[in-house]
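Undergrad: What would the 3D arrangement of this be:
(one chain, ligands or ions: 3)
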Amino acid sequence: MSKRMTEQELLECFDKAIISGDIFVTYQPKINHITGRMIGAEALMRWKDAEHGMQYPSDFIPVLEKNDLISRADLAVFELVCKMLHGCLDRAITPVPVSVNMSRYDIIKTDYVDKIEAIRKKYDIPVKYLHVEMTETSSIGGMELVSNTLKKLHEYSYIVEMDDFGSGYSSLNILKDLSFDVIKLDMRFLSGEIGGRGGTIISAIVQMAKWLDTPIIAEGVETMEQADYMKSIGCKYIQGYLYSKPVTEEEFINKMQQIEHEPVTPALDLISAMDAGKFWDPKSMETLIFNNFVGGAAIFTYQNGNCEILRVNKKYMRELVMNVDEQELINGDPFYGMDEENRIIFINTLERAIASKEEEVCDTWRVVCSKTCGEDKICIRSYIRMIGKTDNQYLFYSMVQNITAEKIHYNELYESERRFRFASEHANVYAWEVDLATMKMHPCYRCMRDLKLPPVVENYPEPVIENGIFPPEYADMYRQWHRDLIQGKVDNLEAVIPLTVGHVPFHVRYTLERDENGNPFKAYGSATLVVDEEK
Ligand code: C2E
Ligand code: CA
Ligand code: CA
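TA: Ligands and ions are numbered 1, 2, ... in the order given. This next block holds a predicted model:
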């Protein structure tokens, strides 16, 4: 049975513990949850006292830190790891990269990095087998110390992992400003919350990491459910009891020989032309453009027919006439309001964009429901471009434009043209429509052909009175008709009027169309030649 050592006992035994090997290293593998292969391991310090038994870091590390002994302990760990790696290389066992923890007190010691580098050289270990883990809150001396330490480690080509992301202080900007190579997300800080807020936070962090092109490792993973969840949101690297507790050096060397290895790869292979990371910086030009200039825009992922929105700007919301909070839409459904047919159009466009690597365009209709206006149908034109991909997930940038008005207008034109054509197909029928707000008249093509009218006649009906199509004696009556139509006094009008200089009798009819409020909107006119039987 172990018994926790007091501060006094720890301090008394420290020197001896370092020399005798009471302070030693255990190793915990890091695994790719998709392939089951090992991508690395973390070195974790242990202290086994002959009298008191096993001591754990949470108890003795704070004591060592407080008494300025932690650097010596950490260097001892680093040396033990180098020895282990050296032994492997000697025996032709290919090791995995082992990460060693760096205390925030090590960072203050400006020669610490040089010291580990000297040890590495002494054991002749290729730097690729040694990673360093540190937390972004490591520094008591501020961000600059962390940043300088990172720089120095990078100069020596060490891969540096940001430990304990999600522990509370982590922020996006730190992630971006400090160029950590790997992010370690600790599940224990978010335990039991997979479906709720914790899940949303984890998912957002994983997405951010992807955007920064930084691999992410979930640690403290104890259950298959957690591991599968992490995989589902795009984080495949796992460290935790699920795969293995920290094991002795001997066990670890066995594991390295039994389990296949693979290197860590970034979460998302971003297309190089675009520095997507900048999108997360609120002050970057990209964000400025994203928010202010490009119009409605969204960034979303696509995987096996499913889409997930990562980010939208304010104008996107406006284009989609949405009343929901931007945040609600992230993790929301990009197929919002689309029926099956439109969904297929959209997905086909994504597939085209994947194949062509060019911008592809589609128009899709959606039924939107807003608190103020109720249900409405809108047409969205999407300009879609693929900006990144992994094995089976794609990242898209999409600009959207609400073209509902344009579409409706087009449909109306199409409708009226159809009407005109129908009217004209019946011999001797002329048709036109008058916009009562502007008094613009649109003639049918027979009118244009036979009466030499332009496609739009302004200030109707004056031009056709002036050119004699409507003879002077009927001019006032015809003007009065239009005044009545504008005021909505009548819904139908008709009379036989002799038209053109030839005074050919035509049956002239008008039908008024009102808008949804009952106000006069358009007048549809027709003139049918009066044939003998009508007389
Ligand atoms: P850490 O760097 O976050 O290390 C991960 C800790 O999580 C380890 O605890 C590990 O045993 C534990 N862990 C791993 N998988 C699971 C899991 O599935 N569930 C749970 N509940 N825990 C899991 P450990 O070894 O007790 O170390 C605690 C902390 O002490 C470390 O946290 C690290 O901050 C510090 N530490 C450990 N070794 C060293 C070292 O050599 N140098 C320095 N400076 N700090 C060290
Ligand atoms: Ca660690
Ligand atoms: Ca950690």
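
Undergrad: use CA for all of it now, contacts and neighbours both
TA: Fine.

Undergrad: From the opening residue of stretch 452-465 to its closing one, how far?
TA: 14 Å (CA to CA, to the nearest Å).

Undergrad: neighbouring contacts of that stretch?
TA: Stretch 452-465 is contacted by residues 434, 438-443, 447-448, 470-472, 475, 478-479 when judged by CA atoms under 8 Å, 6 or more residues apart in numbering.

Undergrad: name the element residue 345 belongs to?
TA: Assessed by DSSP states H and E, residue 345 sits inside helix 340-356.

Undergrad: out of the contacts of stretch 452-465, who's nearest residue 105?
TA: Among the contacts of stretch 452-465, residue 438 lies closest to residue 105 (CA to CA), at 78.3 Å.

Undergrad: Measure how buried the closest residue to the closest one other than its chain neighbours is and give me the count.
TA: Closest residue to residue 438 apart from its sequence neighbours, by CA to CA, 6 or more residues apart in numbering: residue 459 at 7.7 Å. Residue 459 has 13 neighbours, counted by other CA atoms under 10 Å.

Undergrad: From ligand 3, how far off is the residue most central in space within the chain?
TA: Among the residues of the chain, residue 310 comes closest to the average C-alpha position under CA atoms, centre = their mean, at 2.4 Å. Distance, residue 310 to ligand 3, using CA to the ion, to the nearest Å: 26 Å.

Undergrad: you'd agree that residue is up against residue 297?
TA: No: applying CA atoms under 8 Å as the test, residue 310 and residue 297 come out as separate, 11.1 Å apart.

Undergrad: Could you list every helix and strand in contact with the helix or strand containing residue 154?
TA: Applying DSSP H and E as the criterion places residue 154 in helix 143-155. Judged by 3 or more CA pairs under 8 Å, 6 or more residues apart in numbering; DSSP states H and E, the packing partners of helix 143-155 are helix 104-108, helix 112-123, strand 159-165.

Undergrad: what residues does the chain put near ligand 3?
TA: For the chain, the contact set with ligand 3 under CA under 5 Å from the ion comprises 163, 164.

Undergrad: residue ranges with poor pLDDT in the stretch 151-300 of the chain?
TA: Counting by pLDDT under 70, the stretch 151-300 of the chain has low-confidence residues at 166-176, 189-205, 207-208, 210-212, 266-295.

Undergrad: which residues touch the residue of it found nearest ligand 3?
TA: Closest residue of the stretch 151-300 of the chain to ligand 3, CA to the ion: residue 164 (4.3 Å). For residue 164, the contact set (CA under 8 Å, 6+ apart) comprises 135, 184, 185, 186.

Undergrad: Could you list the domains of this structure?
TA: 7-256, 294-407, 416-529 (automatic domain parsing).

Undergrad: on that earlier part again, go through the contacts of residue 164 and say which is closest to ligand 1.
TA: Nearest to ligand 1 among the contacts of residue 164: residue 186, at 7.2 Å, using CA to the nearest ligand atom.

Undergrad: Can you report how many residues lie near that closest one?
TA: Neighbours around residue 186, by other CA under 10 Å: 21.

Undergrad: Give me the nearest residue to it, chain neighbours excluded.
TA: residue 219 (4.9 Å).

Undergrad: Residue 514 now?
TA: Closest residue to residue 514 apart from its sequence neighbours, by CA to CA, 6+ apart: residue 520 at 4.4 Å.

Undergrad: Read off the pLDDT value for the one you found.
TA: Note on residue 520: pLDDT of 92.

Undergrad: can I assume it is in contact with residue 484?
TA: No: between residue 520 and residue 484 there is no contact under CA under 8 Å: 9.8 Å.

Undergrad: So which bits of stretch 482-494 are buried?
TA: 482, 485, 486, 488, 490 (16 or more other CA atoms under 10 Å).

Undergrad: Does the second one belong to a helix, a strand or coil?
TA: Put simply, residue 485 is helix when judged by DSSP: H, G, I helix; E, B strand; the rest coil.

Undergrad: Buried residues, stretch 433-445. List them.
TA: Quick answer for stretch 433-445 (16+ other CA under 10 Å): 433, 434, 435, 436, 439, 440, 441, 442, 443, 444, 445.

Undergrad: right, I mislabeled it, should have said stretch 348-362
TA: Here stretch 348-362 shows 349, 350, 352, 353, 354, 359, 360, 361, 362 as buried, counting by 16+ other CA under 10 Å.

Undergrad: picking that back up, alpha carbons of the helix holding residue 345, as PDB, please.
TA: The C-alpha trace of helix 340-356 is given here as PDB (Å, rounded to 0.1, in the frame of the first residue of the first chain):
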ATOM      1  CA  GLU A 340     -35.400  16.500 -51.400                       C
ATOM      2  CA  GLU A 341     -35.200  17.800 -55.000                       C
ATOM      3  CA  ASN A 342     -33.300  21.000 -54.000                       C
ATOM      4  CA  ARG A 343     -31.100  19.000 -51.600                       C
ATOM      5  CA  ILE A 344     -30.000  16.800 -54.600                       C
ATOM      6  CA  ILE A 345     -29.300  19.900 -56.700                       C
ATOM      7  CA  PHE A 346     -27.100  21.200 -53.800                       C
ATOM      8  CA  ILE A 347     -25.200  18.000 -53.300                       C
ATOM      9  CA  ASN A 348     -24.600  17.500 -57.000                       C
ATOM     10  CA  THR A 349     -23.100  21.000 -57.000                       C
ATOM     11  CA  LEU A 350     -20.800  20.100 -54.200                       C
ATOM     12  CA  GLU A 351     -19.700  17.000 -56.100                       C
ATOM     13  CA  ARG A 352     -19.100  19.100 -59.100                       C
ATOM     14  CA  ALA A 353     -17.000  21.500 -57.100                       C
ATOM     15  CA  ILE A 354     -14.900  18.600 -55.700                       C
ATOM     16  CA  ALA A 355     -14.300  17.300 -59.200                       C
ATOM     17  CA  SER A 356     -13.600  20.600 -60.900                       C
END
